[in-house]
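[1] let me see the structure of the following:
(3 chains)
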Amino acid sequence: MQKLSLHPDRLFPAHEATRSIARELYESVRGLPIISPHGHTDPSWFAENEKFSNATDLLLVPDHYLLRMLYSQGIPLESLGVADASGAPGADPREAWRLFASNYHLFRGTPSRIWLDWVFSEVFKLDVLLTAESADPYFDTITDALQRDEFRPRALFDRFGIEVIATTEGPLDTLESHAKIRDSEWDGRVITAYRPDPVIDPEFEGFRKNLDALSDLAGEDCTSWQGYLAAHRKRRDFFREMGATSTDHGHPTPSTADLSGAECEDLFRRVKAAEVDPVDAELFRAQMLTEMATMSLDDGLVMQIHPGSFRNHNPALFKRFGRDKGADIPLRTEYVRALQPMLAKHGNDPRLSLIVFTLDESTYARELAPLAGHYPALKLGPAWWFHDSPEGMRRYRRMVTETAGFYNTVGFNDDTRAFLSIPARHDLARRIDCGFLAELVAEHRLDQAEAAELAQDLAYNFAKAAYKL
Amino acid sequence: MQKLSLHPDRLFPAHEATRSIARELYESVRGLPIISPHGHTDPSWFAENEKFSNATDLLLVPDHYLLRMLYSQGIPLESLGVADASGAPGADPREAWRLFASNYHLFRGTPSRIWLDWVFSEVFKLDVLLTAESADPYFDTITDALQRDEFRPRALFDRFGIEVIATTEGPLDTLESHAKIRDSEWDGRVITAYRPDPVIDPEFEGFRKNLDALSDLAGEDCTSWQGYLAAHRKRRDFFREMGATSTDHGHPTPSTADLSGAECEDLFRRVKAAEVDPVDAELFRAQMLTEMATMSLDDGLVMQIHPGSFRNHNPALFKRFGRDKGADIPLRTEYVRALQPMLAKHGNDPRLSLIVFTLDESTYARELAPLAGHYPALKLGPAWWFHDSPEGMRRYRRMVTETAGFYNTVGFNDDTRAFLSIPARHDLARRIDCGFLAELVAEHRLDQAEAAELAQDLAYNFAKAAYKL
Amino acid sequence: MQKLSLHPDRLFPAHEATRSIARELYESVRGLPIISPHGHTDPSWFAENEKFSNATDLLLVPDHYLLRMLYSQGIPLESLGVADASGAPGADPREAWRLFASNYHLFRGTPSRIWLDWVFSEVFKLDVLLTAESADPYFDTITDALQRDEFRPRALFDRFGIEVIATTEGPLDTLESHAKIRDSEWDGRVITAYRPDPVIDPEFEGFRKNLDALSDLAGEDCTSWQGYLAAHRKRRDFFREMGATSTDHGHPTPSTADLSGAECEDLFRRVKAAEVDPVDAELFRAQMLTEMATMSLDDGLVMQIHPGSFRNHNPALFKRFGRDKGADIPLRTEYVRALQPMLAKHGNDPRLSLIVFTLDESTYARELAPLAGHYPALKLGPAWWFHDSPEGMRRYRRMVTETAGFYNTVGFNDDTRAFLSIPARHDLARRIDCGFLAELVAEHRLDQAEAAELAQDLAYNFAKAAYKL
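    Numbering: from 1, shown residues only, chains lettered A, B, ... in the order given. Below you'll find the model as predicted:
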């Protein structure tokens, strides 16, 4: 069987002198605690601290990066252990794992391979490559380990050196897991983030029912525009009590608007109707981004915008298996005109901290770096989703740095529900960033001492500061 | 005179350790047969096996890459030997060649230079650089060689190690050359591909007359929607008999549609009219892509889409010299919404094999790799046309691999009518791909054994499998 | 204090063999005179030859690259010495300089840092890095030096080895500084360029008043279309007398049009009205680009188009501080359809020299290189503004060269009002270009002798030829 071992110089530039600079920079940041300011881990893991079940249910079934690639080669999701919407269970976990293992070559050259090899090697001490041949030993080793206390969520959290992790919840969430964590004896810091899409996006499934639920939860009358805004304020306050330092907004576009009060009232009336006009829906989302920014000026929550994904592009798959199965596809995205109304209103206010992400790399150098390099309120989030990868991160730094500098960026986000891969993802980011800094040093575009300072900033300080953690 | 010699390490990364990995990978694939699944060579060359005439008519006049660059510097096409539409012949071949030779420096840094130097050196054993000074010896050496039997089309085909080559023909073509090749004693495999643009695109010159001709050829009444579809099926069957394993579609955009039968009949009625509305024309092309996909499910033909070129951008040049003279310019292209109707209908069917190309590199990482990395039916074609070049191929691999992996790509297409350059183009692709793999190995992102396997796949296996050859 | 020294190998590729080729190429061009065919220095500097005042007013206040980055971090412009529109002066120069110095780390990884370090080291012989600690010695050293005759504008011009520099003026400018320079005993060549945006763009502030002023200056009746065109011709002639070899057009988009005479008259009537329809305004700008090209055929002025900037994106900042304070943001830009009407009319005429720029790098390989690699009239300007940087220039060469070649590009533009940084900018461009050529040589894609010839072309010959200097 082919050996699995993580090369100490992996992901550094190949050129020897540059590599040696990268290695030195990396050594100075590899042990820093992990700041995870944006992600999708399940807070109940840390609240309940139950054992994870088996390799497949932990590592394969919830990972849309894996599902999409395997599915693209004609492998049915149910054979990978994914239950369908009717509740029909997926394949037996061991069978699913075997199928995954025998297709592991598909991930060559992808970040999933890097993350998983790290998990296999560092967390489970496996020392052969995952193949059809090693599938069973892998499944057994991992599943057995998960029965031990040191593989429970809190133990892994501590072992991974996580200083703080943010989960993401909607306004209708009662945050009971977060309360339980807070009230426990465990001192791990797990905080929430306010993601109001279900009550902001008129095209979200169940929008009108969600407004009713919001009224109930907040004790405000969300049939009126003012009551609706008040409900947001209350829920934001509640989320802040549960540790939230940020909001997050997953809109189709980054459009913003700055309507008059009367226009807002009219618009809100229209979007509450049974049939919503798509133009109204877009305008309402746009106005609400500005409203959220206005609230952030009061309550200090950092605001994140994650736009530009065509969700559920594959209707048959969506119908059968639901969301987040790897069928979300990026769209071309425009920021300069889209953000202008909000930036005209609040962009000069240094109290506002607005972090913008993109799935459209053509906007890095053209739109986002110039905007972030001008507006005090605006910062640029790290390479996101499909671009959270070695080449993606390099493109990000190369296209962004010369115009936005380093100091208008905010460090790394792992943005994942794949809990075990979190250290792998931060390790990858630290290696790539150190490699980039090393290239600047090797070309005499940066002094080594400056690079060392920036390595700390990119790995730790920037995220902590930008997210007020 | 300046020497011409092809350096054995050309096109590999300069870094020594990386280069040495690239060299080793390349040695293992350099001798593999050539699979040429998509191109524009003339089947009559192989059917008739006549001698080529002279250097200019073989190498300069038909090569739109050369014509465009020379023209961009103010050199009239007629002075390069190009006949105009009125039939006025171009300059004398030797004079044209001299003009080309004295401007050969224009191609510095372009792939044309790499391809041509290979042809000069490897096919004609020339050992000085093409310049004004060497123009005559070049012309004579090449033209003389072409009079020898070993420079006839079939001999070159065999010498080049071509296992199979696909030409491209329209539905109105009777494929007599292909029949003649099939019935000959020669065992070279030259197949056709079905390119129905002239009878699918209502804006194609002579569309209505083409429909009449299609009716006659297919023995179906193409004035009705059902007869029209039946005619396509018959012609596809005929093309399959002549070896075709694929169709090809050169639409302005990749728009697809999924209309009802009644809507299709209405639309077909409208686009047959003398004046076609551009919106109808676009919708008809869109619907026909979906119809072609439906037929592919029955007959197994692989489907290629080559969208996004503004054809004949220069009206004066088009009027005087016609198509394919270097005046086609890429357009920004959108795939995510455009392909959705067809993918919603057929994208989950692994029997369909849909290969998509682009001239808009901003879609690689944003749209195409995510789509190809999800849909079982979709694969991503190689770097195309303007991007079929060292830097273009590197950008392709770097932007595509992390999201689509290697296994949703389909190897190399030479896509050329420049027959003699085919081995040069495959050699270039193999060198660049081996260099890319070597970089992954050097950065410990891929094992050497995996790279060796992938080198074979990229150079040979993927094209053979994806095109069912 | 940290040392400041410019490494002799800065900005070259790190790989030793490649670097050594780059170094050799660079040595052969580093001493070439500077051709500065497009920029924004103030001709009165050279006409009056007054001493510059102090470090802040010379280096910080007019540099929108510096202002934008500092402002993005919440530093108020007035604290940097910028006067507001009401005339309220900015902070004391020394205080402003201290603030700048203590934030100099923000420029790590940006071209501003490279340019400024060059100015500090080469012009003012400073040998420690600019920091809060060195702020005062810096301010004093620079301000003192500026009192010496060898730091007057003409002395610096001569010392910098500038062969020719073009400034940019509007049609309403009387070019008195240029006349004074011409009539002086000094033989420095400072020429103007014709930038008619204020009298071409109906949305420009004061457009209608500008037309009146144009009538007066030109002695033509600009209330009529023919009079308006005649006025342009006269002003162009006057600018040519003052040395102009080019025009420049800073439109929001590169749209062109080719309307009939009657349509032009109608349109001109409409855009002179108090309320201009935005569609009309865009169409008028489009038509005027074609008119300018037509005039260029007569008078030989080279035509530059600099499109795609959303000017004054930040209304509050614009209201308080005016233009050019770092709040211009690039927009996605389309060229293929936009330029087609003009290219259809004049693109085949080799007498026309049209140089196009972009802020949208996604158009390099997709649109601009294909267009420049076909049309005799079209050339591609260098990496511009946000992309005038090491990574930006590398992307430019890598994305442009394979399709446009080197010979459809026009060398370097510094495009700056930061006079002292001009040699630094040319030095940076020469280093990056030599590095790019060295990479081609190291990969055996170009011979060393060819690279040496191209290095001269890129550093000197191309700009001189393209701008007819």
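
[2] where do the strands sit along the stretch 51-200 of chain A?
    In the stretch 51-200 of chain A, the strands defined using DSSP state E, counting those that start in this stretch lie at A:162-166, A:190-191.

[3] who are the packing partners of the shortest one?
    Here strand A:190-191 touches strand A:162-166, helix A:176-183, going by 3 or more Cβ pairs under 8 Å, 6 or more residues apart in numbering or on different chains; DSSP states H and E. From N, CA and C alone the C-beta is placed, and that goes for glycine too.

[4] got JSON lines for those, with distance to A:Leu352, mean neighbour count and mean pLDDT too?
    Formatted as JSON lines, those follow (distance: least, Cβ to Cβ, whole Å; neighbours: other Cβ atoms under 10 Å in any protein chain shown; pLDDT from 0 to 100):
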{"stretch": "strand A:162-166", "distance to A:Leu352": "19", "mean neighbour count": "21", "mean pLDDT": "98"}
{"stretch": "helix A:176-183", "distance to A:Leu352": "25", "mean neighbour count": "17", "mean pLDDT": "97"}
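
[5] nearest to chain B among the ones you listed would be which one?
    strand A:162-166 (24.9 Å; Cβ to the nearest Cβ).

[6] on that earlier part again, looking at the helices and strands packed on strand A:190-191, which is closest to C:Phe151?
    Among those, strand A:162-166 comes nearest to C:Phe151, with 52.3 Å by Cβ to Cβ.

[7] what is the burial count for A:Lys319?
    11 (other Cβ atoms under 10 Å in any protein chain shown).

[8] go on, A:Ala85?
    A:Ala85: 10 neighbours (other Cβ under 10 Å).

[9] do a quick rundown of the strands in the stretch 301-450 of chain A.
    A:302-305, A:309-310, A:329-330, A:354-356, A:378-380.

[10] residues in contact with the longest one: which ones?
    Contacts of strand A:302-305 with the rest of the structure, by Cβ atoms under 8 Å, 6 or more residues apart in numbering or on different chains, involve A:38, A:193, A:245-249, A:251, A:254, A:289, A:292-293, A:296, A:352-357, A:381, A:466-468.

[11] buried ones among these?
    With burial judged by 16 or more other Cβ atoms under 10 Å in any protein chain shown, the buried subset of the contacts of strand A:302-305 is A:38, A:193, A:245-249, A:251, A:254, A:289, A:292-293, A:296, A:352-357, A:381, A:466-467.

[12] C-terminal to the helix or strand hosting A:Asp216, what's the next element?
    Assessed by DSSP states H and E, A:Asp216 sits inside helix A:207-218. Counting by DSSP H and E, the next helix or strand C-terminal to helix A:207-218 is helix A:225-241.

[13] how distant is that following helix from the center of its chain?
    When distances are taken as Cα atoms, centre = their mean, to the nearest Å, helix A:225-241 is centred 24 Å away from the chain's centroid.

[14] okay, angle between that helix and helix A:207-218 too, please.
    60 degrees (axes from the mean of the first three to the mean of the last three Cα atoms, to 10 degrees).

[15] can you count the residues close to A:Ile142?
    The burial count for A:Ile142: 23, using other Cβ under 10 Å.

[16] for it, which non-adjacent residue is closest in space?
    Leaving out its chain neighbours, the residue that sits closest to A:Ile142 by Cβ to Cβ, 6 or more residues apart in numbering or on different chains is A:Ala55, at 3.9 Å.

[17] could you find the closest non-adjacent residue to A:Val128?
    Leaving aside its chain neighbours, A:Val128 sits nearest to A:Met1 (4.2 Å; criterion: Cβ to Cβ, 6+ apart).

[18] what do you get for A:Asp212?
    Closest to A:Asp212 by Cβ to Cβ, 6+ apart is A:Cys222, at 7.3 Å.

[19] go on, A:Asp92?
    The spatially closest residue to A:Asp92, leaving aside those adjacent along the chain, is A:Gly81, at 7.6 Å (Cβ to Cβ, 6+ apart).

[20] in this structure that neighbour contacts A:Pro62, no?
    No: checked against Cβ atoms under 8 Å, the pair A:Gly81 and A:Pro62 is beyond contact range at 10.1 Å.

[21] who's more crowded, those two?
    For A:Gly81 versus A:Pro62, the count of surrounding residues by other Cβ under 10 Å is larger for A:Gly81: 23 against 17.

[22] so who does the closest residue to A:Leu11 other than its chain neighbours touch?
    Counting by Cβ to Cβ, 6+ apart, A:Leu11 lies nearest to A:Arg431, which is 4.1 Å off, once chain neighbours are set aside. Neighbouring residues of A:Arg431 by Cβ under 8 Å, 6+ apart: A:Arg10, A:Leu11, A:Phe12, A:Ala22, A:Tyr26.

[23] CA-only coordinates of the helix or strand containing A:Asp298 in PDB, if you can.
    Assigned by DSSP H and E, A:Asp298 belongs to helix A:278-299. Presented in PDB, the C-alpha positions along helix A:278-299 are these (Å, rounded to 0.1, in the frame of the first residue of the first chain):
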ATOM      1  CA  PRO A 278     -38.400  39.300  -8.200                       C
ATOM      2  CA  VAL A 279     -37.400  43.000  -8.600                       C
ATOM      3  CA  ASP A 280     -39.100  43.800  -5.300                       C
ATOM      4  CA  ALA A 281     -37.400  40.800  -3.700                       C
ATOM      5  CA  GLU A 282     -34.000  42.100  -4.900                       C
ATOM      6  CA  LEU A 283     -34.700  45.600  -3.800                       C
ATOM      7  CA  PHE A 284     -35.800  44.500  -0.400                       C
ATOM      8  CA  ARG A 285     -32.700  42.500   0.200                       C
ATOM      9  CA  ALA A 286     -30.700  45.500  -1.000                       C
ATOM     10  CA  GLN A 287     -32.500  47.800   1.400                       C
ATOM     11  CA  MET A 288     -32.100  45.400   4.300                       C
ATOM     12  CA  LEU A 289     -28.300  45.300   3.800                       C
ATOM     13  CA  THR A 290     -28.300  49.000   4.400                       C
ATOM     14  CA  GLU A 291     -30.600  48.600   7.400                       C
ATOM     15  CA  MET A 292     -28.300  45.900   8.900                       C
ATOM     16  CA  ALA A 293     -25.400  48.300   8.400                       C
ATOM     17  CA  THR A 294     -27.300  51.000  10.200                       C
ATOM     18  CA  MET A 295     -28.000  48.600  13.100                       C
ATOM     19  CA  SER A 296     -24.300  47.600  13.200                       C
ATOM     20  CA  LEU A 297     -23.400  51.200  13.800                       C
ATOM     21  CA  ASP A 298     -25.500  51.000  17.000                       C
ATOM     22  CA  ASP A 299     -24.700  47.500  18.300                       C
END
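
[24] what residues of it count as buried?
    Quick answer for helix A:278-299 (16+ other Cβ under 10 Å): A:280-293, A:295-296.

[25] can you list the weak-confidence ranges in the stretch 201-350 of chain A?
    Along the stretch 201-350 of chain A, no part satisfies pLDDT under 70.

[26] chain B contacts on that one?
    Where the stretch 201-350 of chain A comes near chain B, counting by Cβ under 8 Å from any Cβ of the partner chain, the residues are A:310, A:313-317, A:326-332.
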